[in-house]
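Engineer: How does the following fold in three dimensions:
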Amino acid sequence: MSIRAMWKGVIRFDSVRVPVKLYGAVEDRNVHFRLLHRQDMEPVHQHLVNAETDEVVPYEEIRRAYITEAGDRVLLDKAELEALEPQPSRDIEIVSFVPLQAIDHRWYDRPYYLGPDENDAAFSALADALEEMQVEGIARWVMRNKSYMGALQLYQGCPMLMSLHHAEEVVPVEALKPPEGPPLDKRELGLAHQLIEMLESEFQPQEYHDEFRDHVLEMLAAKAQGKQVKKHVPKPREPSIDLSQALESSIRQVRKQA
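Structural biologist: Below is the predicted model:
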């Protein structure tokens, strides 16, 4: 499957410049629906409505505002917001290099593949350097009027950019209350170890699909052919309070599946 580049840029640090193309590494595969009028099955459109009068408001009469905690309305216009946008640039600036795995997964946002743009030798040299030094670069860039922070890293020998969340977006783990409760006894701990060992395996991402999406597509295909769709009602699981009983039940279930 071939993919099209979504953006072009230049990786830059000191005097080094590596032209690259950016490719989306993930894609939206959700099933999208249209809203129809029940009487004639024609598509309907959404409108902006005045909350006081229920009248439809034309888009050109809409003003954007920020509501403060005190309830005050701070009006903004398009020009004011555009003036705050970052300056357009094609540079992907590497601000520092850090050891591999220095960034924990809480910071990861969206992955992008990188490919060479006219200069294959420079791109290959960049990949070799990342592999030899065992580092990843902290990068910043502007794309489509939005500034990004990210990590330049290797995946199976191919450079890629992983955009990162900003500091104010990541909830500190200290905000969570540590788990409380009595420690496991030796029998419970042994059963837990046994269950974990039975479930140990290598990560096989191709085995994990969006089952809800698959069921929706199957249902749509059946309904399009005029077939009756049977409703599947899952059997409720009986809650188990005893941990030893729950672990033993899980072990038996895994053995059956094996």
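Engineer: for the stretch 1-150 of the chain, what are the low-confidence residue spans?
Structural biologist: For the stretch 1-150 of the chain, the stretches with pLDDT under 70 are 1.
Engineer: quick one, strands of it?
Structural biologist: In the stretch 1-150 of the chain, the segments counted as strands under DSSP state E, counting those that start in this stretch are 7-13, 16-24, 64-67, 73-76, 91-99, 108-116, 135-143, 146-155.
Engineer: repeat for the stretch 151-258 of the chain
Structural biologist: 158-164.
Engineer: Next, the contact list for the spatially closest residue to Leu247 that is not a sequence neighbour, please.
Structural biologist: Spatially, and ignoring its direct neighbours in sequence, Leu247 is nearest to Leu191 (3.9 Å; C-beta to C-beta, 6 or more residues apart in numbering). (C-beta placed from N, C-alpha, C; glycine too.) Leu191 is in contact with Ser244, Leu247, Glu248, Ile251, counting by C-beta atoms under 8 Å, 6 or more residues apart in numbering.
Engineer: one step back: just say which of the strands of the stretch 1-150 of the chain is most tucked in.
Structural biologist: Mean neighbour count (mean count of other C-beta atoms under 10 Å) peaks for strand 135-143 among the strands of the stretch 1-150 of the chain, with a mean of 20.
Engineer: strands paired with it, and their directions?
Structural biologist: strand 91-99 (antiparallel), strand 146-155 (antiparallel) (DSSP bridges).
Engineer: Distance from the first one to the middle of the chain?
Structural biologist: Remark: strand 91-99 is offset 22 Å from the chain centroid, using C-alpha atoms, centre = their mean, to the nearest Å.
Engineer: do the same with the longest one
Structural biologist: Average the C-alpha atoms of strand 146-155, do the same for its chain, and the two points are 14 Å apart (C-alpha atoms, centre = their mean).
Engineer: Alpha carbons of it, as PDB, please.
Structural biologist: Extracted in PDB, the C-alpha atoms of strand 146-155 (Å, rounded to 0.1, in the frame of the first residue of the first chain):
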ATOM      1  CA  LYS A 146       0.200  25.000  14.700                       C
ATOM      2  CA  SER A 147       3.400  24.500  16.600                       C
ATOM      3  CA  TYR A 148       4.500  21.000  17.600                       C
ATOM      4  CA  MET A 149       7.100  19.400  19.900                       C
ATOM      5  CA  GLY A 150       8.200  15.900  19.100                       C
ATOM      6  CA  ALA A 151      10.800  13.100  19.200                       C
ATOM      7  CA  LEU A 152      12.800  12.100  16.200                       C
ATOM      8  CA  GLN A 153      13.500   8.400  16.600                       C
ATOM      9  CA  LEU A 154      14.000   5.200  14.600                       C
ATOM     10  CA  TYR A 155      11.500   2.500  14.000                       C
END
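Engineer: All good on my end, thank you.
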